[in-house]
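J.: below are the sequence and a predicted model for it; my questions follow.
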Amino acid sequence: KAGVTQTPRYLIKTRGQQVTLSCSPISGHRSVSWYQQTPGQGLQFLFEYFSETQRNKGNFPGRFSGRQFSNSRSEMNVSTLELGDSALYLCASSLTAGQPQHFGDGTRLSIL
Amino acid sequence: TQLLEQSPQFLSIQEGENLTVYCNSSSVFSSLQWYRQEPGEGPVLLVTVVTGGEVKKLKRLTFQFGDARKDSSLHITAAQPGDTGLYLCAGNTNAGKSTFGDGTTLTVKP
């Protein structure tokens, strides 16, 4: 059974640009959650999607947005990138909402 | 906002020693999960505890959920170098929100 797949694995951008990250959940999983991981702040919840609807949202500015498609694949978009957005972005999928189970290996985003 | 405090933040021990990692909160959780994360990889789910007072064992790892469902502990017996990693706890609420602790970085020296 294929695990959670995140693409790309590494990304380098400059301030002011925008970026889109992709997450393909485990087959049959309808919940996808996104997290930002940094050394100083740990794992911070961004948002969760279930059956194409955003169920919950963390305390991040509106520059961070997401969506989920009918096949449960999810994308996360960050606009007007700032240096502080450099982080490992992780997504997790699960059968039920509100309980992350299987994480991908993340996308390492570096802002120059 | 639910906060989860993990302690200790860092732990360095010799192979064969025992250790306990704690996860504490003032909030009640419907369930709590423990993960282990290795460098360059995403967290891997180790266990989910749901019932207050519940104890689960996974080989040399013992997980306990507090009676009031506000805290949890992870005990490792006879630690091995392969146990090295970042251990994370995450509390889940009935509202469907998950909060992660800041993690415990464990290093087991051969």
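T.: It's in. Residues are numbered from 1 along each chain as shown, chains lettered A, B, ... in the order given.

J.: look up phi and psi at the residue nearest the centre of chain A.
T.: For chain A, A:W34 is the residue whose C-alpha lies nearest the centre (Cα atoms, centre = their mean; 3.5 Å). With angles defined as degrees, to the nearest 10, A:W34 sits at phi -120, psi 140.

J.: can you check A:T107 too?
T.: Torsion angles, degrees, to the nearest 10, at A:T107: phi -120, psi 120.

J.: in this structure it contacts A:L88, no?
T.: Yes. The pair A:T107 / A:L88 is scored as a contact, 7.3 Å apart, by Cβ atoms under 8 Å. Every C-beta, even on glycine, is put in place using the N, C-alpha and C of the backbone.

J.: which element is the nearest residue to the residue nearest to the centre of chain A once chain neighbours are set aside on?
T.: In this structure, A:W34 finds its nearest non-sequential neighbour in A:L46, 4.1 Å apart by Cβ to Cβ, 6 or more residues apart in numbering or on different chains. In this structure, A:L46 is located in strand A:42-50 according to DSSP states H and E.

J.: quick one: name the residues of chain B near chain A.
T.: Residues of chain B lying close to chain A by Cβ under 8 Å from any Cβ of the partner chain are B:31, B:33, B:35, B:40-45, B:48, B:88, B:90, B:92-93, B:95-103.

J.: of these, which belong to strands?
T.: Among those, the members found in strands (DSSP state E) are B:S31, B:Q33, B:Y35, B:V44, B:L45, B:T48, B:L88, B:A90, B:N92, B:S98, B:T99, B:F100.

J.: quick revisit: any idea how far B:P110 is from the residue nearest to A:W34?
T.: 38 Å (Cβ to Cβ, to the nearest Å).

J.: settle it for me: which of these two has more neighbours?
T.: A:L46 (22 against 7; other Cβ atoms under 10 Å in any protein chain shown).

J.: state the distance from that one to chain B.
T.: 11 Å (Cβ to the nearest Cβ, to the nearest Å).

J.: dump the residue contacts of that residue.
T.: Contacts of A:L46 were listed using Cβ atoms under 8 Å, 6 or more residues apart in numbering or on different chains, and they are A:S33, A:W34, A:Y35, A:Q36, A:K57, A:G58, A:F60, A:F64, A:G66, A:M76, A:Y89.

J.: swap in A:H29?
T.: A:S72, A:S93, A:S94, A:L95, A:H102.
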